[in-house]
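J.: Provided below for reference: sequence and predicted model.
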Amino acid sequence: MMLVRTNYHSNCSNDFRAISPSEGNFEAVVEEECCSGFASWCAVRIKLRKIDGWGFDTEIFVYNPTFVYEKGPWTHEPLVVWLSPNELDITVDRVGSIHKQLSKARGVKIEYHIVSVDYP
């Protein structure tokens, strides 16, 4: 697993981490982007990426986490676990809104466990 934090704007940050199964052709990439200031927002994108680097990424889950003001936006980070080379399990504690949620992509079955959805 790899985590990289880069600041591309004074009030924004972008986190990246890749979770690879012990076998298989894909890794799960979690991108977390957050900006604060006059208008605070956060977005999480989970993608499938070929381990060999060839081809394109496939977005499988895009959501906005619930912002907990007293704790900050990343108190409910997604838990991404490979059950097998063709099965991915994603657990999220709190979600503000969901923009994309695929149950299968590129031969990988995806299961979700979303504990709480807090739509505005």
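T.: Sure, I can see it. Numbering: from 1, shown residues only.
J.: can you map out the strands along this protein?
T.: 2-9, 12-19, 26-35, 41-50, 58-65, 79-84, 87-101, 104-105, 108-117 (DSSP state E).
J.: Report the mean confidence score over the last one.
T.: Summarised as a single mean, pLDDT over strand 108-117 is 87.
J.: V80 contacts V30, correct?
T.: Yes - if you go by C-beta atoms under 8 Å, V80 and V30 touch, sitting 6.0 Å apart. For the C-beta atoms, the positions are set from N, CA and C on the backbone; glycine is no exception.
J.: Between the two, which contacts overlap?
T.: Counting by C-beta atoms under 8 Å, 6 or more residues apart in numbering, the shared contacts of V80 and V30 are I19, I46.
J.: For N64, see how far away P85 is.
T.: Counting by C-beta to C-beta, to the nearest Å, the gap from P85 to N64 is 30 Å.
J.: out of these two, which sits in the busier spot?
T.: Higher neighbour count among P85 and N64: N64, with 17 against 14, using other C-beta atoms under 10 Å.
J.: Can you give me the neighbour number for the residue nearest to that one when sequence neighbours are not counted?
T.: Of all residues not flanking N64 in the chain, G96 sits nearest, at 4.3 Å (C-beta to C-beta, 6 or more residues apart in numbering). G96 has 19 neighbouring residues, counting by other C-beta under 10 Å.
J.: hmm, back to that, which of the strands of the chain has the lowest mean pLDDT?
T.: Taking the mean pLDDT of the strands of the chain, strand 2-9 comes last: a mean of 36.
J.: circling back: if I look at the residue nearest to N64, how far off is P21?
T.: Taken as C-beta to C-beta, the span from G96 to P21 is 29 Å.
J.: I am assuming C35 contacts A43, so please confirm or correct that.
T.: No - counting by C-beta under 8 Å, C35 does not reach A43; the two are 9.4 Å apart.
J.: Report the contact partners of the closest residue to I98 other than its chain neighbours.
T.: Residue nearest to I98 in three dimensions, not counting chain neighbours: Y63, with 4.7 Å by C-beta to C-beta, 6+ apart. Going by C-beta under 8 Å, 6+ apart, Y63 touches A43, V44, V92, V95, G96, S97, I98, H99, Q101.
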